[in-house]
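Participant: need the 3D shape of this:
(one chain, ligands or ions: 3)
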Amino acid sequence: MKLSIADLFEKVRERKPLVHQITNFVTVNDCANATLAIGGSPVMTSSPKEVKDMVSLADALVLNFGTIDERSLEAMEIAGRTANSRNIPVILDPVGVGATPYRTEKANELLKKVSFQVIRGNASEIQRLIGGEIVTRGVDSEELEISNAELAASAANLLDSIIVVSGAIDAVSNGKHTTVIDNGNILLTNVTGTGCMATALIGAFTGVTDDYYAAAVAGISTMSISGELAAENLQQNDGTGTFRVRLIDAISRMNKELWMNGVKISEEIAN
Ligand SMILES: Nc1ncnc2c1ncn2[C@@H]1O[C@H](COP(=O)(O)OP(=O)(O)OP(=O)(O)O)[C@@H](O)[C@H]1O
Ligand SMILES: Cc1ncsc1CCO
Ligand SMILES: [Mg+2]
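Facilitator: Ligands and ions are numbered 1, 2, ... in the order given. Sure thing, here's the model as predicted:
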């Protein structure tokens, strides 16, 4: 599996997949730059009047709940349904689900209307998406009692999608098979949008392969390994601002060799 994932870096740079993203106004620029850095082509349009035509041109669609409102939700439904009817992969980032009833209700409604090939969130968000009780404050994750691998596997079965649970340990599962990735750096939690960018990267990889599981592993591991590389390159007086720039640098330099040398897929569990 490692080799088929490593080959995706070349593919994405050759094919430059168009990744349509209906996302939040906090991290939209970071997501566009992360998509470009990995070799994709981002387009962030969100008008309900335009998304049907735009997504029809796209290789993947990313729907991010960060700053949802009635207009963006209408656009997400139109774009999601259009993508489903054209076999364009759709990726969900359920930002902040669980923080307010509005977010949780709207995510559940969208899950009924749109089929998602991959869903990526932190542990709190994924847990709340499957009806768990943990109370989240804002968009950051809280400690859970089950492992990210267990959570990803049960969410994959319940939601019939590939689930990526990010955190200190990242887990990817389709319900039958679970991959655990032990990369990352704590600075990734001190810069906004690293989760959103990881979801954008997953979107770019799904645009060049039918193996959405491999695309999910490639996307999340690229973010985690890039976090390690960005931290290694910090100088004495650098802080989180420089880290953010170094992170985009690392994504843009990521390739087969760097990935193969850096990735720590510590477990592959058949459930
Ligand atoms: N404690 C940690 N140590 C190392 N890496 C981490 C840690 N927590 C998260 N990461 C890494 O940070 C990246 C983003 O994951 P995270 O779970 O923080 O997303 P998120 O909460 O959705 O972020 P955001 O909402 O800010 O976009 C992933 O690559 C993940 O592996
Ligand atoms: C901080 C924040 N608030 C809404 S979306 C977002 C970006 C990270 O999820
Ligand atoms: Mg997030």
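Participant: which residues are in contact with the residue lying closest to Arg15 once chain neighbours are set aside?
Facilitator: With sequence-adjacent residues excluded and distances taken as C-beta to C-beta, 6 or more residues apart in numbering, Arg15 is closest to Val208, at 5.0 Å. Yep, even glycine has a C-beta here, placed from its N, CA and C like the rest. Taking C-beta atoms under 8 Å, 6 or more residues apart in numbering, we find Val208 in contact with Leu8, Lys11, Val12, Arg15, Pro17, Asp59, Ala215.
Participant: OK, contacts around Met223?
Facilitator: Counting by C-beta under 8 Å, 6+ apart, Met223 has contacts Ser166, Leu188, Thr194, Met197, Ala198, Leu201, Ile251.
Participant: let's go with 10 Å and repeat that
Facilitator: Shown in contact with Met223 (C-beta atoms under 10 Å, 6 or more residues apart in numbering): 34, 38, 120, 166, 170, 181, 183-184, 188, 194-202, 247, 250-251, 254.
Participant: is it within a helix or a strand, and which one?
Facilitator: helix 212-232 (DSSP states H and E).
Participant: got the CA coordinates for whatever helix or strand comes next after that helix in PDB?
Facilitator: Per DSSP H and E, the first helix or strand lying C-terminal to helix 212-232 is helix 240-253. C-alpha atoms of helix 240-253 as PDB (Å, rounded to 0.1, in the frame of the first residue of the first chain):
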ATOM      1  CA  THR A 240       4.000  30.200  14.800                       C
ATOM      2  CA  GLY A 241       3.900  32.700  12.000                       C
ATOM      3  CA  THR A 242       7.100  31.400  10.400                       C
ATOM      4  CA  PHE A 243       5.900  27.800  11.100                       C
ATOM      5  CA  ARG A 244       2.800  28.600   9.000                       C
ATOM      6  CA  VAL A 245       5.000  29.600   6.000                       C
ATOM      7  CA  ARG A 246       7.300  26.700   6.500                       C
ATOM      8  CA  LEU A 247       4.300  24.400   6.500                       C
ATOM      9  CA  ILE A 248       3.300  25.500   3.000                       C
ATOM     10  CA  ASP A 249       7.000  25.200   1.900                       C
ATOM     11  CA  ALA A 250       7.100  21.600   3.200                       C
ATOM     12  CA  ILE A 251       3.900  20.600   1.400                       C
ATOM     13  CA  SER A 252       5.300  22.100  -1.800                       C
ATOM     14  CA  ARG A 253       8.500  20.100  -1.500                       C
END
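Participant: on that earlier part again, which of the contacts of Val208 are buried, as a PyMOL select command?
Facilitator: Buried members of the contacts of Val208, defined by 16 or more other C-beta atoms under 10 Å, are picked up in PyMOL with:
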select buried, resi 8+12+15+17+59+215
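Participant: quick check: residues of this protein near ligand 1?
Facilitator: Contact residues, the chain versus ligand 1 (C-beta under 6 Å from any ligand atom): 95, 122, 139-141, 166-168, 170, 184-186, 188-189, 192-196, 198, 223-224, 227.
Participant: can you narrow these to ones near ligand 3?
Facilitator: Restricting those to those touching ligand 3 (C-beta under 5 Å from the ion) yields Val95, Gly195.
Participant: now, of the residues of the chain next to ligand 1, which are buried?
Facilitator: By 16+ other C-beta under 10 Å, those give 95, 122, 139, 141, 166-167, 170, 184-185, 188-189, 192-196, 198, 223-224, 227 as buried.
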